[in-house]
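Trainee: Here you go, sequence then predicted model.
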Amino acid sequence: MLKRRNFIQLSTFGFIGLLTDKLQGSATKGNKPIVISTWKEGINANKAAWEILQKGGRSLDAVEAGVRVTEDSINCCVGLGANPDRDGFVTLDASIMDELGNAGCVAAIERIKHPISVARRVMEKTPHVMLVGEGAQKFAVSEGFPLEEQKLSPDAEKSYKEWLKESKYKPVINIENSNASAFAPGKLSNGDWNHDTIGMVALDAKGNLSGSCTTSGMGFKMRGRVGDSPIIGAGLFVDNEVGAATATGLGEEVIKICGTHLVVEFMRQGFSPEQACKKAVERIVQKDPKKAKDNQVGFIAINKKGEYGGYCLQKGFNFAVCYAEDKNFLVDGKNWF
């Protein structure tokens, strides 16, 4: 016959076991070094990051080099080939954060090819965290970044002319994963907009975390609109004791919950990266279930052990994972709806 004290002890241990199972969630096997990034464009970005990580390089250098690949491309609409704002200007946002908690950001910057590198210069060479608009551009030029020609790419110009016919806004879920830059005839209809982003987080061989995020923002946005990507704690957050997270999708919803900071705090509580991302998505749903059903937000994260995960509102979000020369692959994010 069990004594009362032994019964209480067994019950307590059983509860702790269940709680541990819950907190672990669906944790993946840890890998170090490792880099993960949003959407299928992350495959190419990861390759550049891995070149640095596999040689024992710093995660900060890896996440900058990785997303620069995406900024160079005019096909995915991250960078100067992106869709413009409603006044016809391409404005870019970016943020970067290192293992020491240092951060740099630029927002609404124009005619600069690599805003992620300007963000790093802001972090390393100024007493500030964020520079915006004309001031960000002037700083970039003073640091040797060339001013590119102020001209829309052919695809963006076509999209913009189509949009001007009605000038309406309608979210297109998972547009980042589409081959359409927007309004390509027969692919997307007038009134559709996009929000093209790549976010990347990495853990290097020394066990240090860093992250980056760069975007053209919402296509045909109001002039001056800034989303979550350049905002530390919203589109990107790194805590070297715990983990790192980045976000993609409708930035306004991410900002409202300080999304990536929330993901990292859930990991601090013991949740796996996937479970932490899921709980952040749940917070968005709880605030406005109807709105959440019509939009997309995705989070990805890695923890200090090198475990990774992601979660999103809608089916169709994926992210790229790389932890070896022959291990660079897409993972379909689990979804709420």
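Mentor: The structure has been received and is ready for your questions.
Trainee: do you know how far residue 116 is from residue 35?
Mentor: Taking Cβ to Cβ, to the nearest Å as the measure, residue 116 and residue 35 are separated by 15 Å. Yep, even glycine has a C-beta here, placed from its N, CA and C like the rest.
Trainee: Flag the shaky bits of the protein, pLDDT-wise.
Mentor: 1-27, 74-77, 169-195 (pLDDT under 70).
Trainee: Need the nearest residue in space to the residue nearest the centre of the chain, chain neighbours excluded.
Mentor: When the chain is reduced to its mean C-alpha position, the closest residue under Cα atoms, centre = their mean turns out to be residue 199, at 3.0 Å. Once flanking residues are discounted, residue 199 sits nearest to residue 246: 3.0 Å by Cβ to Cβ, 6 or more residues apart in numbering.
Trainee: Isn't the one you found up against residue 259?
Mentor: No - in this structure, residue 246 is not within contact of residue 259 by Cβ atoms under 8 Å, at 9.3 Å.
Trainee: intersection of neighbour lists for the two?
Mentor: Both residue 246 and residue 259 are contacted by 235, 299, under the criterion Cβ atoms under 8 Å, 6 or more residues apart in numbering.
Trainee: And these two? Which one has more around it.
Mentor: Taking other Cβ atoms under 10 Å, residue 246 and residue 259 do not tie; residue 246 has more neighbours (36 against 30).
Trainee: Let's verify the more buried one: helix, strand, or coil?
Mentor: At residue 246, secondary structure determined by DSSP: H, G, I helix; E, B strand; the rest coil is strand.
Trainee: For it, list the residues it contacts.
Mentor: For residue 246, the contact set (Cβ under 8 Å, 6+ apart) comprises 38, 199-201, 211-213, 235-237, 260, 299-301.
Trainee: Quickly list what it is bridged to.
Mentor: According to DSSP bridges, residue 236, residue 300 are recorded as the beta-bridge partners of residue 246.
Trainee: what ranges do the strands span in the stretch 51-200 of the chain?
Mentor: Under the criterion DSSP state E, counting those that start in this stretch, strands of the stretch 51-200 of the chain are mapped to 92-97, 103-109, 130-132, 170-171, 192-193, 195-203.
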